[in-house]
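Participant: below is the sequence, then the predicted model.
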Amino acid sequence: MIATTHRGGQIGNDSHDGPHGRSGPVLLRAAGAIAVTVVFAAPVLLLVSGSLRPPGLPPLPRPELIPDTVSLDSYRRAIELGDLTRATANSALVATLTTIGSVLVASLAGFALARLKPAHARPLLAASVVALMVPPLVLLVPRFAVFRALGLTDTLVPLIAPALLATSPLYVLAYYVAFRRVSPDLYDACRLVDLSSLATWWRVGLPLVRPFTAAVAALCFITSWTNLFDPLVYIYRRDLYTVPLTLRSLATLDPVNYPVFLAGAVLVTLPVIAAFLVVQPVLVGQRADRRGSDTTWFVR
(Lines give C-alpha, C1' and ligand atoms only; values in the text may rest on other atoms or scores of the structure.)
Protein backbone atom coordinates (compact mmCIF):
# COMPACT_ATOMS: atom_id res chain seq x y z
CA MET A 1 0.00 0.00 0.00
CA ILE A 2 1.57 3.25 -1.10
CA ALA A 3 0.30 6.67 -0.07
CA THR A 4 1.34 9.91 -1.72
CA THR A 5 0.85 13.44 -0.46
CA HIS A 6 -0.24 16.13 -2.91
CA ARG A 7 0.47 19.82 -2.60
CA GLY A 8 -3.17 20.59 -2.08
CA GLY A 9 -3.10 18.60 1.15
CA GLN A 10 -4.98 15.56 -0.15
CA ILE A 11 -3.63 12.11 0.38
CA GLY A 12 -4.06 9.75 -2.54
CA ASN A 13 -3.96 6.00 -1.97
CA ASP A 14 -3.96 3.11 -4.34
CA SER A 15 -6.94 0.91 -4.96
CA HIS A 16 -6.11 -1.41 -2.07
CA ASP A 17 -6.83 1.39 0.42
CA GLY A 18 -10.53 1.52 -0.41
CA PRO A 19 -13.42 0.45 1.80
CA HIS A 20 -12.98 -3.23 0.88
CA GLY A 21 -9.27 -3.17 1.64
CA ARG A 22 -9.94 -1.82 5.12
CA SER A 23 -12.88 -4.12 5.90
CA GLY A 24 -10.69 -6.67 7.69
CA PRO A 25 -9.13 -4.26 10.24
CA VAL A 26 -12.46 -2.49 10.69
CA LEU A 27 -14.26 -5.73 11.52
CA LEU A 28 -11.45 -6.73 13.87
CA ARG A 29 -11.64 -3.42 15.72
CA ALA A 30 -15.43 -3.68 15.91
CA ALA A 31 -15.21 -7.19 17.34
CA GLY A 32 -12.68 -6.04 19.91
CA ALA A 33 -14.84 -3.07 20.89
CA ILE A 34 -17.88 -5.32 21.31
CA ALA A 35 -15.93 -7.78 23.45
CA VAL A 36 -14.60 -5.02 25.71
CA THR A 37 -18.08 -3.48 25.97
CA VAL A 38 -19.63 -6.78 27.02
CA VAL A 39 -16.95 -7.41 29.65
CA PHE A 40 -17.31 -3.96 31.22
CA ALA A 41 -21.07 -3.58 30.72
CA ALA A 42 -22.01 -6.61 32.84
CA PRO A 43 -20.73 -5.18 36.18
CA VAL A 44 -22.28 -1.80 35.36
CA LEU A 45 -25.67 -3.38 34.68
CA LEU A 46 -25.51 -5.32 37.95
CA LEU A 47 -24.53 -2.11 39.76
CA VAL A 48 -27.51 -0.21 38.35
CA SER A 49 -29.96 -3.06 38.91
CA GLY A 50 -28.79 -3.51 42.50
CA SER A 51 -29.24 0.19 43.19
CA LEU A 52 -32.87 -0.02 42.04
CA ARG A 53 -33.82 -2.52 44.76
CA PRO A 54 -35.72 -1.07 47.74
CA PRO A 55 -33.52 -0.73 50.83
CA GLY A 56 -34.28 -2.83 53.88
CA LEU A 57 -34.83 -6.12 52.05
CA PRO A 58 -32.65 -9.14 52.81
CA PRO A 59 -29.78 -9.62 50.36
CA LEU A 60 -30.39 -11.90 47.40
CA PRO A 61 -28.54 -15.24 47.15
CA ARG A 62 -27.58 -14.38 43.56
CA PRO A 63 -27.54 -11.17 41.50
CA GLU A 64 -30.56 -10.33 39.39
CA LEU A 65 -30.52 -8.23 36.25
CA ILE A 66 -34.02 -6.78 36.72
CA PRO A 67 -35.28 -6.45 40.32
CA ASP A 68 -38.80 -7.58 41.11
CA THR A 69 -39.59 -4.21 42.69
CA VAL A 70 -37.99 -1.11 41.17
CA SER A 71 -37.53 1.78 43.58
CA LEU A 72 -35.51 4.99 43.73
CA ASP A 73 -35.52 5.15 47.52
CA SER A 74 -31.92 3.96 47.64
CA TYR A 75 -30.81 7.06 45.73
CA ARG A 76 -32.69 9.36 48.07
CA ARG A 77 -31.24 7.68 51.14
CA ALA A 78 -27.73 7.69 49.66
CA ILE A 79 -27.94 11.45 49.14
CA GLU A 80 -29.27 12.00 52.66
CA LEU A 81 -27.09 9.57 54.63
CA GLY A 82 -23.88 10.30 52.79
CA ASP A 83 -24.50 14.02 52.23
CA LEU A 84 -23.59 13.39 48.60
CA THR A 85 -24.52 16.92 47.55
CA ARG A 86 -21.80 18.51 49.68
CA ALA A 87 -19.33 15.72 48.91
CA THR A 88 -19.92 16.13 45.17
CA ALA A 89 -19.32 19.88 45.43
CA ASN A 90 -16.06 19.27 47.32
CA SER A 91 -14.86 16.69 44.81
CA ALA A 92 -15.87 18.88 41.86
CA LEU A 93 -13.89 21.81 43.28
CA VAL A 94 -10.81 19.68 43.94
CA ALA A 95 -10.95 17.84 40.60
CA THR A 96 -11.52 21.02 38.57
CA LEU A 97 -8.71 23.02 40.16
CA THR A 98 -6.37 20.02 40.06
CA THR A 99 -7.10 19.41 36.39
CA ILE A 100 -6.63 23.04 35.35
CA GLY A 101 -3.43 23.44 37.35
CA SER A 102 -1.97 20.12 36.21
CA VAL A 103 -2.66 20.81 32.53
CA LEU A 104 -1.10 24.28 32.70
CA VAL A 105 2.00 23.21 34.64
CA ALA A 106 2.52 19.98 32.69
CA SER A 107 2.11 21.66 29.32
CA LEU A 108 4.51 24.46 30.26
CA ALA A 109 7.09 21.98 31.55
CA GLY A 110 6.68 19.70 28.54
CA PHE A 111 7.00 22.64 26.16
CA ALA A 112 10.16 23.84 27.89
CA LEU A 113 11.68 20.35 27.74
CA ALA A 114 10.81 20.00 24.07
CA ARG A 115 12.56 23.28 23.24
CA LEU A 116 15.78 22.34 25.04
CA LYS A 117 18.70 20.81 23.22
CA PRO A 118 18.66 16.98 23.47
CA ALA A 119 21.85 16.97 25.54
CA HIS A 120 20.24 19.28 28.10
CA ALA A 121 16.83 17.59 28.05
CA ARG A 122 18.02 14.02 28.64
CA PRO A 123 18.99 14.49 32.33
CA LEU A 124 15.65 16.15 33.06
CA LEU A 125 13.76 13.39 31.25
CA ALA A 126 15.68 10.77 33.20
CA ALA A 127 14.84 12.57 36.45
CA SER A 128 11.16 12.63 35.44
CA VAL A 129 11.18 8.89 34.76
CA VAL A 130 12.85 8.22 38.12
CA ALA A 131 10.28 10.42 39.88
CA LEU A 132 7.52 8.50 38.11
CA MET A 133 8.83 5.24 39.56
CA VAL A 134 8.85 6.50 43.16
CA PRO A 135 5.88 4.97 45.08
CA PRO A 136 3.50 7.61 46.45
CA LEU A 137 3.68 6.01 49.92
CA VAL A 138 7.35 7.04 50.17
CA LEU A 139 6.32 10.71 50.04
CA LEU A 140 3.41 10.35 52.47
CA VAL A 141 5.23 11.20 55.71
CA PRO A 142 7.24 14.18 54.34
CA ARG A 143 4.17 15.65 52.62
CA PHE A 144 2.05 15.20 55.73
CA ALA A 145 4.73 16.82 57.89
CA VAL A 146 4.92 19.82 55.54
CA PHE A 147 1.16 20.36 55.39
CA ARG A 148 0.81 19.88 59.14
CA ALA A 149 3.57 22.42 59.83
CA LEU A 150 1.75 24.88 57.57
CA GLY A 151 -1.55 24.23 59.34
CA LEU A 152 -3.20 23.00 56.13
CA THR A 153 -4.37 19.59 57.29
CA ASP A 154 -8.14 19.11 57.48
CA THR A 155 -8.51 21.42 54.48
CA LEU A 156 -8.83 20.83 50.76
CA VAL A 157 -5.45 22.45 50.04
CA PRO A 158 -3.38 19.22 50.31
CA LEU A 159 -5.65 17.66 47.69
CA ILE A 160 -5.13 20.54 45.23
CA ALA A 161 -1.48 21.41 45.94
CA PRO A 162 0.01 18.55 43.82
CA ALA A 163 -1.32 20.38 40.75
CA LEU A 164 1.47 22.92 41.27
CA LEU A 165 3.85 20.08 40.36
CA ALA A 166 1.67 18.80 37.48
CA THR A 167 0.37 16.05 39.82
CA SER A 168 2.40 13.36 38.02
CA PRO A 169 5.60 13.33 35.91
CA LEU A 170 3.62 11.22 33.43
CA TYR A 171 1.70 14.29 32.25
CA VAL A 172 4.93 16.22 31.68
CA LEU A 173 6.39 13.36 29.65
CA ALA A 174 3.20 13.12 27.59
CA TYR A 175 3.38 16.82 26.72
CA TYR A 176 7.08 16.50 25.95
CA VAL A 177 6.32 13.81 23.38
CA ALA A 178 3.48 15.92 21.95
CA PHE A 179 5.51 19.10 21.57
CA ARG A 180 8.47 17.18 20.13
CA ARG A 181 6.22 16.16 17.25
CA VAL A 182 5.69 19.76 16.24
CA SER A 183 7.99 20.84 13.45
CA PRO A 184 10.89 23.09 14.57
CA ASP A 185 10.16 25.28 11.54
CA LEU A 186 7.02 26.54 13.27
CA TYR A 187 9.02 27.57 16.32
CA ASP A 188 11.55 29.29 14.08
CA ALA A 189 8.72 31.15 12.35
CA CYS A 190 7.41 32.28 15.73
CA ARG A 191 10.80 33.70 16.61
CA LEU A 192 10.92 35.56 13.30
CA VAL A 193 7.67 37.36 14.15
CA ASP A 194 8.96 38.13 17.66
CA LEU A 195 6.58 35.84 19.53
CA SER A 196 7.72 35.18 23.08
CA SER A 197 8.11 31.65 24.36
CA LEU A 198 4.94 31.98 26.42
CA ALA A 199 2.97 33.27 23.42
CA THR A 200 4.35 30.45 21.26
CA TRP A 201 3.25 27.91 23.85
CA TRP A 202 -0.25 29.40 24.08
CA ARG A 203 -0.95 30.37 20.46
CA VAL A 204 0.94 27.68 18.53
CA GLY A 205 1.90 24.77 20.74
CA LEU A 206 -1.30 24.10 22.68
CA PRO A 207 -3.67 24.27 19.67
CA LEU A 208 -1.59 21.63 17.89
CA VAL A 209 -1.70 19.17 20.82
CA ARG A 210 -5.40 19.42 21.67
CA PRO A 211 -5.89 15.62 21.78
CA PHE A 212 -3.06 15.29 24.31
CA THR A 213 -4.59 18.06 26.40
CA ALA A 214 -7.99 16.38 26.32
CA ALA A 215 -6.51 13.03 27.32
CA VAL A 216 -4.38 14.49 30.12
CA ALA A 217 -7.30 16.57 31.44
CA ALA A 218 -9.65 13.58 31.47
CA LEU A 219 -7.08 11.34 33.15
CA CYS A 220 -6.27 13.96 35.76
CA PHE A 221 -9.94 14.67 36.49
CA ILE A 222 -10.80 10.99 36.89
CA THR A 223 -7.75 10.34 39.06
CA SER A 224 -8.61 13.26 41.34
CA TRP A 225 -12.31 12.37 41.45
CA THR A 226 -11.62 8.77 42.52
CA ASN A 227 -8.74 9.56 44.88
CA LEU A 228 -9.43 7.98 48.27
CA PHE A 229 -5.96 7.81 49.77
CA ASP A 230 -5.19 11.54 50.13
CA PRO A 231 -8.60 12.56 51.57
CA LEU A 232 -8.33 9.66 54.00
CA VAL A 233 -5.04 11.08 55.30
CA TYR A 234 -5.76 14.82 55.31
CA ILE A 235 -9.54 15.23 55.77
CA TYR A 236 -11.19 14.76 59.17
CA ARG A 237 -14.30 16.95 59.14
CA ARG A 238 -17.47 15.52 57.68
CA ASP A 239 -18.31 18.69 55.76
CA LEU A 240 -15.04 18.37 53.78
CA TYR A 241 -15.60 14.77 52.70
CA THR A 242 -15.12 13.97 49.04
CA VAL A 243 -17.15 11.35 47.19
CA PRO A 244 -14.67 8.47 47.78
CA LEU A 245 -14.84 9.11 51.54
CA THR A 246 -18.62 9.27 51.37
CA LEU A 247 -18.77 5.96 49.52
CA ARG A 248 -16.48 4.47 52.13
CA SER A 249 -18.89 5.52 54.86
CA LEU A 250 -21.87 4.10 52.92
CA ALA A 251 -20.02 0.80 52.53
CA THR A 252 -20.23 0.32 56.31
CA LEU A 253 -24.04 0.05 56.20
CA ASP A 254 -25.64 -3.25 57.11
CA PRO A 255 -26.33 -5.76 54.29
CA VAL A 256 -30.04 -4.91 54.07
CA ASN A 257 -29.08 -1.35 53.06
CA TYR A 258 -26.51 -2.39 50.50
CA PRO A 259 -28.63 -0.93 47.64
CA VAL A 260 -27.98 2.48 49.22
CA PHE A 261 -24.24 1.99 48.72
CA LEU A 262 -24.81 0.85 45.12
CA ALA A 263 -26.98 3.90 44.46
CA GLY A 264 -24.22 6.16 45.78
CA ALA A 265 -21.70 4.39 43.53
CA VAL A 266 -23.93 5.02 40.50
CA LEU A 267 -24.27 8.71 41.33
CA VAL A 268 -20.54 9.33 41.75
CA THR A 269 -19.76 7.40 38.57
CA LEU A 270 -21.84 9.74 36.40
CA PRO A 271 -19.24 12.59 36.35
CA VAL A 272 -16.57 10.12 35.20
CA ILE A 273 -18.79 9.04 32.31
CA ALA A 274 -19.49 12.69 31.51
CA ALA A 275 -15.74 13.43 31.39
CA PHE A 276 -15.27 10.60 28.91
CA LEU A 277 -18.13 11.83 26.73
CA VAL A 278 -16.67 15.34 26.69
CA VAL A 279 -13.21 14.14 25.67
CA GLN A 280 -14.29 11.56 23.10
CA PRO A 281 -15.33 14.00 20.33
CA VAL A 282 -11.94 15.72 20.52
CA LEU A 283 -10.05 12.45 20.10
CA VAL A 284 -12.38 11.04 17.46
CA GLY A 285 -12.46 14.33 15.56
CA GLN A 286 -8.66 14.54 15.50
CA ARG A 287 -8.47 10.99 14.17
CA ALA A 288 -10.99 11.75 11.45
CA ASP A 289 -9.09 14.87 10.43
CA ARG A 290 -5.89 12.91 10.02
CA ARG A 291 -7.64 10.32 7.89
CA GLY A 292 -9.23 12.84 5.58
CA SER A 293 -6.37 15.30 5.02
CA ASP A 294 -2.64 15.64 5.21
CA THR A 295 -1.80 16.84 8.72
CA THR A 296 1.75 15.52 8.75
CA TRP A 297 3.12 18.95 7.86
CA PHE A 298 3.63 19.79 11.51
CA VAL A 299 4.89 16.36 12.57
CA ARG A 300 8.52 15.30 12.43
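Facilitator: Yes, it's here. Numbering: from 1, shown residues only.
Participant: now the helices: where do they sit in the stretch 101-250 of the chain?
Facilitator: 118-133, 140-149, 157-160, 169-180, 184-192, 197-200, 206-208, 210-225, 229-234, 243-250 (DSSP state H, counting those that start in this stretch).
Participant: contacts for the fifth one?
Facilitator: Helix 184-192 is touched from outside by 115, 199, 200, 204, 208, 298, with contacts defined as Cβ atoms under 8 Å, 6 or more residues apart in numbering. From N, CA and C alone the C-beta is placed, and that goes for glycine too.
Participant: the fourth one: neighbouring residues, count only.
Facilitator: Residues within reach of residue 204, counting by other Cβ atoms under 10 Å, total 17.
Participant: ditto for the one 10 residues further on
Facilitator: Counted with other Cβ under 10 Å, the neighbours of residue 214 add up to 20.
Participant: distance check, the nearest residue to it once chain neighbours are set aside against residue 252.
Facilitator: Spatial nearest neighbour of residue 214, excluding adjacent residues (Cβ to Cβ, 6 or more residues apart in numbering): residue 282 at 4.1 Å. Between residue 282 and residue 252 the computed distance is 40 Å (Cβ to Cβ, to the nearest Å).
Participant: again, but for residue 172
Facilitator: Distance from residue 172 to residue 252, by Cβ to Cβ: 39 Å.
Participant: give me the more crowded residue out of those two.
Facilitator: Neighbours of residue 172 and residue 252, each counted by other Cβ under 10 Å, are more numerous for residue 172; the result is 28 against 8.
Participant: residues touching that one, list them.
Facilitator: 106, 109, 110, 113, 128, 166.
Participant: repeat that for residue 113.
Facilitator: 121, 124, 125, 172, 176, 179.
Participant: measure it to residue 50 for me?
Facilitator: As defined by Cβ to Cβ, residue 113 lies at a distance of 47 Å from residue 50.
Participant: now do residue 147
Facilitator: Residue 147 is 38 Å from residue 50, where distance means Cβ to Cβ.
Participant: more neighbours: the two, which one.
Facilitator: Neighbours per residue, other Cβ under 10 Å: of residue 147 and residue 50, the larger number sits with residue 50, 22 against 18.
Participant: what helix or strand does that one sit in?
Facilitator: helix 23-51 (DSSP states H and E).
Participant: following that helix in sequence, what is the next regular element?
Facilitator: Using DSSP H and E, the helix or strand that follows helix 23-51 in sequence is helix 73-82.
Participant: how far out from the middle of the chain is that following helix?
Facilitator: On the basis of Cα atoms, centre = their mean, to the nearest Å, helix 73-82 sits 27 Å off its chain's mean C-alpha point.
Participant: which residues sit against that helix?
Facilitator: By Cβ under 8 Å, 6+ apart, the surrounding residues in contact with helix 73-82 are 51-55, 84-85, 246-247, 249-250, 253, 257, 259-264, 266-267.
Participant: go with 7 Å
Facilitator: 51, 53-55, 84-85, 246, 249-250, 259-260, 262-264, 267 (Cβ atoms under 7 Å, 6 or more residues apart in numbering).
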